[in-house]
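Colleague: just a sequence and a predicted model for now, questions to come.
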Protein chains: 2
Amino acid sequence: MPTSGKKRSNLYLRVSLRDTTAFGPGKAALLEHIRDTGSIAAAGRRMRMSYTRAWGLVSDMNDDFRTPLVASAKGGAGRGGARLTRLGEEVLARYRRMERRAARAVAADLAALREKAS
Amino acid sequence: MPTSGKKRSNLYLRVSLRDTTAFGPGKAALLEHIRDTGSIAAAGRRMRMSYTRAWGLVSDMNDDFRTPLVASAKGGAGRGGARLTRLGEEVLARYRRMERRAARAVAADLAALREKAS
């Protein structure tokens, strides 16, 4: 999955929610772009993702939780608008915090590894 | 990349060494299987990976560090043997420690996310 245009992290963290569902940097970036643009189509374009793919990921995420992460006005000519629900904001915030905490937790070992990288 | 047959972690952690090189669970599992089997071919089979692919990953890893992670007796009929170098053991140990530390660091947020997963 393409990542956002923002600076690349040193860490790629994906967590399993259930056996077959996971949440990682691609879904997090998509949620952020939806929050920032108010549109699934625009968020997908920012990630060079087709509308169909972006919508599919949103649909997956909404199905993966008890209540939706993204609320959208259905299709039509303008393709409606979209926004993060309260749970969507929470999931995004928790994921970003997990990334930060994981990065801190591995920082010393990662620095040591990099010293030995060519 | 296929993961090992061991229990699946709740966490997938990949770290960047340089812009174009990374180290994650697949490479870690391959190193472990090489350590355990003494053979790149056998390690690859355990991961349902072709010999060519396993050897390519080993070659990549060896190139990614200042000194090789895997020492191998070259090809031939028996396809030689392979073992982890001291640096290979260190890289593997550091990666597994990073996984453990990252898992602890995100445990609370991950538990909260899972409570809301469907």
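Modeller: In hand now; what should we look at?
Colleague: tell me which residues of the longest strand along chain A come out buried.
Modeller: Counting residues, the longest strand in chain A under DSSP state E turns out to be strand A:11-18. Within strand A:11-18, the residues that count as buried by 16 or more other CB atoms under 10 Å in any protein chain shown are A:11-17. For glycine as for every other residue, the C-beta is placed from the backbone atoms N, C-alpha and C.
Colleague: got JSON lines for those residues, with distance to chain B and pLDDT too?
Modeller: JSON lines is the format used below for the buried residues of strand A:11-18 (distance: CB to the nearest CB, whole Å; pLDDT from 0 to 100):
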{"residue": "A:Leu11", "distance to chain B": "6", "pLDDT": "93"}
{"residue": "A:Tyr12", "distance to chain B": "4", "pLDDT": "96"}
{"residue": "A:Leu13", "distance to chain B": "6", "pLDDT": "97"}
{"residue": "A:Arg14", "distance to chain B": "4", "pLDDT": "96"}
{"residue": "A:Val15", "distance to chain B": "5", "pLDDT": "96"}
{"residue": "A:Ser16", "distance to chain B": "5", "pLDDT": "95"}
{"residue": "A:Leu17", "distance to chain B": "4", "pLDDT": "93"}
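Colleague: what does chain A have sitting close to chain B?
Modeller: Proximity of chain A to chain B is confined to A:8-18, A:21-24, A:63-67, A:87, A:90-91, A:94-95, A:97-98, A:101-102, A:104-106, A:109-110, A:112-114, A:116-118 under the rule CB under 8 Å from any CB of the partner chain.
Colleague: got a ChimeraX select line for the buried ones in those residues?
Modeller: Remark: buried members of the residues of chain A next to chain B, expressed as a ChimeraX selection using 16+ other CB under 10 Å:
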select /A:10,11,12,13,14,15,16,17,23,24,64,65,87,90,91,94,95,98,101,102,105,106,109,110,113,116
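Colleague: and the residues of chain A next to chain B, which of them are in strands?
Modeller: Short answer: the residues of chain A next to chain B in strands (DSSP E) are A:11-18, A:21-23.
Colleague: circling back: okay, the buried residues of strand A:11-18 in a markdown table with distance to B:Leu31 next?
Modeller: Listed next are those as a markdown table, based on distance: CB to CB, whole Å:
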| residue | distance to B:Leu31 |
| --- | --- |
| A:Leu11 | 20 |
| A:Tyr12 | 19 |
| A:Leu13 | 21 |
| A:Arg14 | 20 |
| A:Val15 | 23 |
| A:Ser16 | 23 |
| A:Leu17 | 28 |
